[in-house]
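1. predicted model and sequence follow; I will ask about them next.
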Amino acid sequence: MAPFYGPRFGNPSSTHRWGREARAALDEARERVARCFNAAPDEICFTSGGTEGDNLAILGGWRVLKEQGKKAVVTSPVEHKAVLQAVHQTAKEGAEERTIDMKPDGQVDLVDARLKITAGDTAIVTTMWINNETGVIQPIAELAALAKAAGALFHTDAVQAFGKVVVDAKQIPFDFAAVSGHKLGAPKGIGAFYIRRGTPLEPLFFGGTQDRGRRPGTENVAAAVGLARAMELALDEREAHWTQLAAMRDRLEARLMERIPDAVVHGRGAPRGPHILSISVPGTDSESLLMALDLKGVAASSGSACQSGSVLPSHVLAAMGVRDELASAAIRMSFGSLSTEADVDRVAELFPALIAKARGLAGVV
Amino acid sequence: MEVAELGAEVAVAMVAAVAAPRSKPRVLAAMSGGVDSSVAAALLVREGYDVVGVTMKLFKDGGDLPDRPCCSLDSVNDARRVCEALGIPHYVLNLQDAFGRDVIADFVAEYAAGRTPIPCVRCNTFTKFRDLLEKADQIDAPFIATGHYARVADGRLLRGVDDNKDQTYFLWGIERAILSRMILPVGAMSKPETRAIARELGLLTAEKPESHEICFVPDGDYVKVLERELPADAPSLTPGPILTLDGTVVGTHDGFARYTVGQRRRLPGGASEPMFVVALRPADRAVIIGPREHLLGRGLIADSVNWLQDGPPAAGEQVLVRIRHRATPVAGTVLRADATQFEVALDEAVYAITPGQSVVLYDAEQRVIGGGVIATSKRVLPVAM
């Protein structure tokens, strides 16, 4: 990436040689990202990240299909806020918002999905591939097939999925897919957006002709190059990475369950990505635990944080039917390529100790 | 000045403080984003305490009220920036449910019952010095610090040295055992001294204006909160008579909760002398008005009592009595006092001893003896209730 912040600083839209150099780098990055989706370069758009990709797919797709007389937007209640809020926006623009019921294990209920994804009037179906709070993998192939059978567009928020599962545009008929760079080690502020060739889309921004007018604005060349590299590495290492993360996750999960037998692991019964462990211990609260963990040098999270940084109840766990006192105790531990066995062992010791302390203070034995 | 610029200056100014070894115990510092709590935290960092800054999120619509003294996004950001400059961690704690239950619900219920509550008292008693203390326990912090103008010494609560700022009127309700865990760094200073320290340290909150408003009340209009929280047909918000002292109906009002003892605004004219609300009578939804001298009281009965010394004072004990924030305490005598109630007689009559407000008793050494919620005012001239 470094040359594009220095000697190769040209604007890819310029016709002079520095512009052409930057353009070449951007084209190459686009080709590499396309290969990562098993797609063609013209099906790839660079965005600012997952949120933009989700908004572009949902609003951009809806606004075209609305004109064609479609009326429903179907989603699940466990989506990232980028999806949920974009869907709410379509509702403000006249869409009928439909939410697929969840099963207690954290997967969408496909029986209900069949009822909600109605042929003829469904504009777009949007479901995430892997949930960011629980790690639960959604039945994307089935959902995509349902959407296609109903004549609807299908978008998947693949932010958590890319590099964990195979996100292949030739295997699964998704029309849109959003990926975020910083989840893969690329910089923050860059994302890849897949658009199946021929899919109607109204842009969110207006201005230049960059990215075929789908995403006007001077491209972030350095970050796009970084993203391409990060996506390639993530694909190359995908299986080994999965094995390594799953081993750490399983080890931590087993040790925590051994020490805290009444702990609840969310999504345990469903297929899960290897990088997330969401655990609740009755009689504790996530806010205090997160603070105590952080002060011991352990970075974890809970549901989602609001802008002020305070911990909010998880809409994901609520949708799974997790009762309030357990949901408000949820701690989300994430594993990445920098996590080590030693980290796992440390948390396996520290977490039960903090739990014991919290329960002692709360008067729970 | 640009915020970014200011931040850089703060960082430079605080290098020495941050570099100080954290040799002293951990302190949970409650930081509203105002100057007082900023300075409190900064002083503790300078003294070598292991300070952890927290901002409490107390009510839901905070983000929509940009100029709130606390809980707004701006206030949280200010607190976080100060902590960043001090090199200490900062967390936002969501205490909305507890605050809603212990403070806002009581605030509404009190107005609905014809009394005039002070939510800050209950916030200190329950939210700050009970719920927040539990958070301190969770992170092994033996102490909790705030930016209150009050002092703690030898297990007793004392008035702050700045008479103009003393906040003990709001602190009488905290459990006595908690005093030993409180650190109130600005209580020994005047407000100008606090600001001077904030400037000296380059804290970005140094020039923040003073706030006297109730944090969760938008635009100082508490009725909006009542209208939001109470049903539309709540008796306290529905019309009733305005009566003079002899029972003559001189008008109607649109809900007694919109009136406070001592109020002069929004009353019918036509009387030969200025008229004031002298009492609210929820039983018949009456607002009773009368001339100013009918507001005078020479004593009171308080309940919901809390003692910040060993047990209640003895009958006959001479005390200093404060019935209003920043009012000069008046001399009085304890007539009776136990664990739940006390009655005092005042040496001189004072205006508008208002049910629902707090009464705090002090000894001659500025120590808080205890306090309570005013239940009944003993009037100089009788008002039929």
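-> Sure thing, it's come through.
2. against chain B, how distant is the residue nearest to A:Pro200 when sequence neighbours are not counted?
-> In space, and not counting its chain neighbours, A:Pro200 is closest to A:Val64: 4.0 Å by C-beta to C-beta, 6 or more residues apart in numbering or on different chains. Where you see a C-beta, it was placed from the backbone N, CA and C, and this is true even at glycine. Look at A:Val64 and chain B: by C-beta to the nearest C-beta, to the nearest Å, they are 34 Å apart.
3. report the mean per-residue pLDDT for whatever helix or strand A:Val64 lives in.
-> A:Val64 is located in helix A:50-67, with elements delineated by DSSP states H and E. Mean pLDDT, computed over helix A:50-67, is 98.
4. who are the packing partners of it?
-> Judged by 3 or more C-beta pairs under 8 Å, 6 or more residues apart in numbering or on different chains; DSSP states H and E, the packing partners of helix A:50-67 are strand A:44-47, helix A:81-92, strand A:122-128, strand A:153-157, strand A:176-180, strand A:191-195.
5. B:Val359: which of these is closest?
-> helix A:81-92 (48.3 Å; C-beta to C-beta).
6. and the closest one, is it in reach of chain B?
-> No - using C-beta under 8 Å from any C-beta of the partner chain, helix A:81-92 stays clear of chain B, with a minimum separation of 15.1 Å.
7. how far off centre is that helix?
-> 16 Å (C-alpha atoms, centre = their mean, to the nearest Å).
8. thinking again about what came up before, which ones are touching the residue nearest to A:Pro200?
-> Residues near A:Val64 by C-beta atoms under 8 Å, 6 or more residues apart in numbering or on different chains: A:200-202.
9. what about A:Lys170, how many neighbours?
-> Using other C-beta atoms under 10 Å in any protein chain shown, A:Lys170 has 8 neighbouring residues.
10. how about the strands of the stretch 151-300 of chain B, start to end?
-> B:156-159, B:182-183, B:240-244, B:249-253, B:275-281, B:286-291, B:296-307 (DSSP state E, counting those that start in this stretch).
11. model confidence over the first one, on average?
-> Along strand B:156-159, the predicted local confidence has a mean pLDDT of 97.
12. one more: the fifth one?
-> Per-residue pLDDT over strand B:275-281 has a mean of 96.
13. point to the residue nearest the middle of chain B.
-> Ranked by distance to the mean C-alpha position of chain B (C-alpha atoms, centre = their mean), the top residue is B:Cys120 at 3.2 Å.
14. just the buried residues of the helix or strand hosting that residue, please?
-> In this structure, B:Cys120 sits in helix B:119-122 according to DSSP H and E. By 16 or more other C-beta atoms under 10 Å in any protein chain shown, the buried positions in helix B:119-122 come out as B:119-122.
15. with stretch B:234-247 instead?
-> Across stretch B:234-247, burial judged by 16+ other C-beta under 10 Å covers B:234-237, B:240-245.
16. which outside residues touch stretch B:336-345?
-> The contact list for stretch B:336-345 (C-beta under 8 Å, 6+ apart) reads B:298-305, B:307, B:312-315, B:319, B:321, B:332-335, B:359, B:361, B:370, B:372, B:375, B:378.
17. write out the residues of chain B neighbouring chain A.
-> B:52, B:54-55, B:57, B:62-63, B:73, B:76-77, B:80, B:89, B:91-94, B:134-135, B:137-140.
18. how about the helices of the chain, start to end?
-> In the absence of a named chain, this looks at chain A. Ranges of helices in chain A, per DSSP state H, are A:17-36, A:50-67, A:81-92, A:110-116, A:140-149, A:221-236, A:238-259, A:286-295, A:315-319, A:324-327, A:341-362.
19. hm, I was asking about chain B
-> Using DSSP H, the helices assigned to chain B run over residues B:3-13, B:15-19, B:35-46, B:73-86, B:96-99, B:105-112, B:119-122, B:132-138, B:191-200, B:222-229.
20. picking up where we left off before, now the contacts of A:Val64 in a markdown table, with neighbour count and pLDDT?
-> Putting the contacts of A:Val64 into a markdown table (neighbours: other C-beta atoms under 10 Å in any protein chain shown; pLDDT from 0 to 100) gives the following:
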| residue | neighbour count | pLDDT |
| --- | --- | --- |
| A:Pro200 | 14 | 93 |
| A:Leu201 | 23 | 96 |
| A:Glu202 | 16 | 96 |
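21. now flag whichever of the residues you listed is closest to A:Gly336.
-> A:Leu201 (32.3 Å).
22. residues in contact with that closest one?
-> By C-beta under 8 Å, 6+ apart, the contact list for A:Leu201 reads A:56-57, A:60-61, A:64, A:176, A:195, A:214.
23. returning to that earlier point: and the contacts of A:Val64, which of them are in strands?
-> Among these, DSSP state E puts none in strands.
24. for stretch B:293-313, list the C-alpha coordinates in CSV.
-> C-alpha atoms of stretch B:293-313 as CSV (Å, rounded to 0.1, in the frame of the first residue of the first chain):
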residue,chain,number,x,y,z
GLU,B,293,-46.6,35.8,55.3
HIS,B,294,-48.6,32.6,55.1
LEU,B,295,-45.5,31.0,53.6
LEU,B,296,-43.6,31.5,56.9
GLY,B,297,-42.8,28.4,58.9
ARG,B,298,-41.1,28.0,62.3
GLY,B,299,-40.5,24.3,62.2
LEU,B,300,-41.0,21.1,60.3
ILE,B,301,-41.4,17.4,60.4
ALA,B,302,-39.2,15.3,58.2
ASP,B,303,-39.3,11.6,57.2
SER,B,304,-37.2,9.3,55.1
VAL,B,305,-34.5,10.2,57.5
ASN,B,306,-30.8,9.4,57.3
TRP,B,307,-28.2,10.0,60.0
LEU,B,308,-24.5,10.6,59.2
GLN,B,309,-23.4,10.4,62.8
ASP,B,310,-23.9,7.7,65.5
GLY,B,311,-27.7,7.7,65.8
PRO,B,312,-30.2,10.5,65.9
PRO,B,313,-29.5,13.7,67.8
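25. burial count for the residue of the stretch 101-250 of chain B found nearest chain A?
-> At 3.9 Å from chain A, B:Gln138 is the closest residue in the stretch 101-250 of chain B, using C-beta to the nearest C-beta. Burial of B:Gln138 is recorded as 22 neighbouring residues (other C-beta under 10 Å).
26. now do it, the pLDDT please.
-> 93.
27. and it, how far is that from A:Thr90?
-> Applying C-beta to C-beta, to the nearest Å, the value for B:Gln138 to A:Thr90 is 42 Å.
28. and the residue nearest the centre of chain A, what is it in contact with?
-> Computing the C-alpha centroid of chain A and ranking residues by C-alpha atoms, centre = their mean puts A:Val159 first, at 3.0 Å. Each residue near A:Val159 by C-beta under 8 Å, 6+ apart is listed here: A:50, A:80, A:128, A:132, A:178-180, A:183.
29. would you turn these into a markdown table with neighbour count?
-> Below are the contacts of A:Val159 laid out as a markdown table (neighbours: other C-beta atoms under 10 Å in any protein chain shown):
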| residue | neighbour count |
| --- | --- |
| A:Gly50 | 27 |
| A:His80 | 22 |
| A:Met128 | 29 |
| A:Asn132 | 24 |
| A:Ala178 | 32 |
| A:Val179 | 33 |
| A:Ser180 | 28 |
| A:Lys183 | 23 |
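30. show me where pLDDT drops low in chain A?
-> Along chain A, segments meeting pLDDT under 70 span A:303-310, A:362-365.
31. skipping adjacent residues, who's closest to whichever residue of the stretch 251-385 of chain B sits closest to chain A in space?
-> Using C-beta to the nearest C-beta, the closest approach of the stretch 251-385 of chain B to chain A is made by B:Asn306 at 23.1 Å. Counting by C-beta to C-beta, 6+ apart, B:Asn306 lies nearest to B:Gly173, which is 5.1 Å off, once chain neighbours are set aside.
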